[in-house]
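Trainee: Next come a sequence and a model predicted from it.
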Amino acid sequence: MKRFLKWGAITLVAAAAIIGGIFYFSEDARQAAKIEALDKVGDFATDKMADAASDGNSVAAEFINTPIRARKISDGIYQATGVANTHLINTSAGQVLFDTGLSTQAAKQYKALEEAVGEINLSHIIVSHSHADHGGGVKLWQREGVEIVAHAEFGEEQRYLTELQGYFWNRNRTLFPFMPEEPPTNSLLAYGGIAPTKTVANRQPYWFEQGGVKFELLALPGAEGADNLVLWLPEKKILFSGDFFGPLFPQFPNIFTMRGEKIRKPVEYANSLEKIIALEPDMIVPSHKDPIKSPVKIMAGLKKMRDATRFVHDATVKGMNDGKTLEQLMVEIKLPAELAMTQEHGKISWAVKSIWEYYATWFHFDKTTELYHIPVSSVYGDLLELAGSDAIIRKAAAHVKADKPLQALHLIDIVLGENELDKDALTVRKDALEILLKRAKDGDKNSYEIYWLNFRIRDAQEKLNR
Ligand SMILES: [Zn+2]
């Protein structure tokens, strides 16, 4: 797989340059050497990913192709764009940094911001949450005496994401095939290892004043994990939201992540939205894409997200108490027209499933076999013996014709469970997946559903080509 990045070789170049820098006497020289080295590595990594993503028109590919440049978004506030944004807030006594982007883009963002503000002299680095595209540059920006501020749960989130990195990396690469094969190992580029010097707990806002500017940090959990921290500038009524809203505004929140992460809590999220509503922001600056500048649009969007989240939560809980099945609720629960909003990031039926399992765990109380380790696939061989693969494939093809792709997929699993290269079965599977993909693209347009279906279609096609 030559097209993918080989981190080992290029990080050697970075390591050599950084070690070189250590022989200079001043911290400034060391910092400069570190930035130069990471800049080269970062360019290489970004180019490779943009190249590999160029055949897809996904949201992720759009992020990778966002150019890195600095822009002024308000008086004294600068943003460096990229996969994720980095923000510098100028005060008369140095600057405060909010979010640090991807490790491979941090050096370019540093240089762009340095050019915009002149000399960089940081007092605080604020990290919105523990995801790699927000804390990636901390190790590059970090200097002696600079306060690193994060949510009180940051350490715990970073711990589990580090411990399960291999598992999550593989799942991410399945959805985003342009990612490098292996996570970076160089300590400046690798995920994790951030040690906050100041943490902010839920319901305990933290204030500080720097160079005449007031900064308020609010722990607002429930969005992209339990450790979401936002920055509020009360004098300007600007909210730096990190990933609190996700990539679109407004949108139905992503309670469930397909790459795998702990389920997020919708009640907590709605309560956090309530706190933002009380602030009445004039501008929201998310760490992906552009600032949102209309106070009217902001207030309407915040209330809609709060009400939609509560609606789906309450309907799920009511259905559980009424004795409905999970599958019934996944179909039945729909937002009323006045709360309708995009499901490109978070999908309502998956939120229903997540809320159910968050409260009631994986034992659905339906079948004895749920409690044991023998899956339904263990009798696929018996079914094949009884019905014969031709009859099963014919029946599955009839389901495809009748626009019942999921029934077709269930049946095809029986055949492919025994022989994963059965061409007739693979053809029917691919046809069924194509129906689902068309439905997804014409319907909710959920990015993750589309990534997954594309992966399964590629997989079926590769096996058909063998
Ligand atoms: Zn992000």
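Mentor: Received it, and whenever you're ready, just let me know what you need.
Trainee: quick one, domains of this structure?
Mentor: Structurally, the chain divides into domains by automatic domain parsing as follows: 58-286, 373-465.
Trainee: Quote the end-to-end distance of the last one.
Mentor: The first residue of domain 373-465 is 34 Å away from its last residue (CA to CA, to the nearest Å).
Trainee: Give me the average confidence score over that domain.
Mentor: Here domain 373-465 scores 97 as its mean pLDDT.
Trainee: That domain: how far from the chain's middle?
Mentor: 28 Å (CA atoms, centre = their mean, to the nearest Å).
Trainee: Which residue is most remote from the mean position of the chain?
Mentor: Leu386 (45.1 Å; CA atoms, centre = their mean).
Trainee: isn't there a strand covering it?
Mentor: No: remark: Leu386 does not belong to a strand; assigned using DSSP: H, G, I helix; E, B strand; the rest coil, it is helix.
Trainee: Pull the number of nearby residues for Asp133.
Mentor: A total of 21 residues lie near Asp133 under the criterion other CB atoms under 10 Å. Every C-beta, even on glycine, is put in place using the N, C-alpha and C of the backbone.
Trainee: meant to ask about Ala33
Mentor: Neighbours of Ala33 (other CB under 10 Å): 18.
Trainee: To which secondary structure element is it assigned?
Mentor: helix 27-53 (DSSP states H and E).
Trainee: That helix packs against which elements?
Mentor: helix 7-22, helix 59-64, helix 106-117, helix 138-141 (3 or more CB pairs under 8 Å, 6 or more residues apart in numbering; DSSP states H and E).
Trainee: What parts of the stretch 301-450 of the chain come near the ion?
Mentor: Taking CB under 5 Å from the ion, no part of the stretch 301-450 of the chain reaches the ion.
Trainee: And the helices in the stretch 301-450 of the chain?
Mentor: Ranges of helices within the stretch 301-450 of the chain are 326-332, 348-360, 380-387, 389-401, 405-418, 423-442, 447-465, based on DSSP state H, counting those that start in this stretch.
Trainee: show me where pLDDT drops low in this protein?
Mentor: 1-25, 44, 48-59 (pLDDT under 70).
Trainee: wait, what's in contact with the closest residue to Trp362 other than its chain neighbours?
Mentor: Of all residues not flanking Trp362 in the chain, Glu370 sits nearest, at 7.7 Å (CB to CB, 6 or more residues apart in numbering). By CB atoms under 8 Å, 6 or more residues apart in numbering, the contact set of Glu370 is Trp362, Phe363, His364.
Trainee: contacting residues for Gln105?
Mentor: Neighbouring residues of Gln105 by CB under 8 Å, 6+ apart: Gly42, Thr46, Ile68, Gly82, Val83, Ala84, Gly136, Gly137.
Trainee: what helix or strand is Trp169 on?
Mentor: Going by DSSP H and E, Trp169 is in helix 165-175.
Trainee: What sits closest to the residue of the stretch 51-200 of the chain found nearest the ion if chain neighbours are left out?
Mentor: Nearest residue of the stretch 51-200 of the chain to the ion, counting by CB to the ion: Asp133, 4.3 Å away. Spatial nearest neighbour of Asp133, excluding adjacent residues (CB to CB, 6+ apart): Ala84 at 4.1 Å.
Trainee: My read is that the one you found contacts Gly135, right?
Mentor: No: in this structure Ala84 lies outside contact range of Gly135 using CB atoms under 8 Å: 9.9 Å.
Trainee: joint contacts of those two?
Mentor: Counting by CB under 8 Å, 6+ apart, the residues touching both Ala84 and Gly135 are Asp99.
Trainee: ok, back up a step: just the buried residues of the contacts of Glu370.
Mentor: Among the contacts of Glu370, none is buried by neighbour count (16 or more other CB atoms under 10 Å).
Trainee: which one of the residues you listed is nearest Asp322?
Mentor: The shortest approach to Asp322 among these belongs to His364, at 15.5 Å (CB to CB).
Trainee: Give me whichever of the domains of the chain is most buried.
Mentor: Compared across the domains of the chain, domain 58-286 shows the largest average neighbour count, a mean of 20 (mean count of other CB atoms under 10 Å).
Trainee: With the ion as the reference, measure out to the residue farthest from the centre of the chain.
Mentor: 50 Å (CB to the ion, to the nearest Å).
Trainee: before we move on, what about Leu383?
Mentor: 44 Å.
Trainee: residues contacting that residue?
Mentor: Ile392, Ile414.
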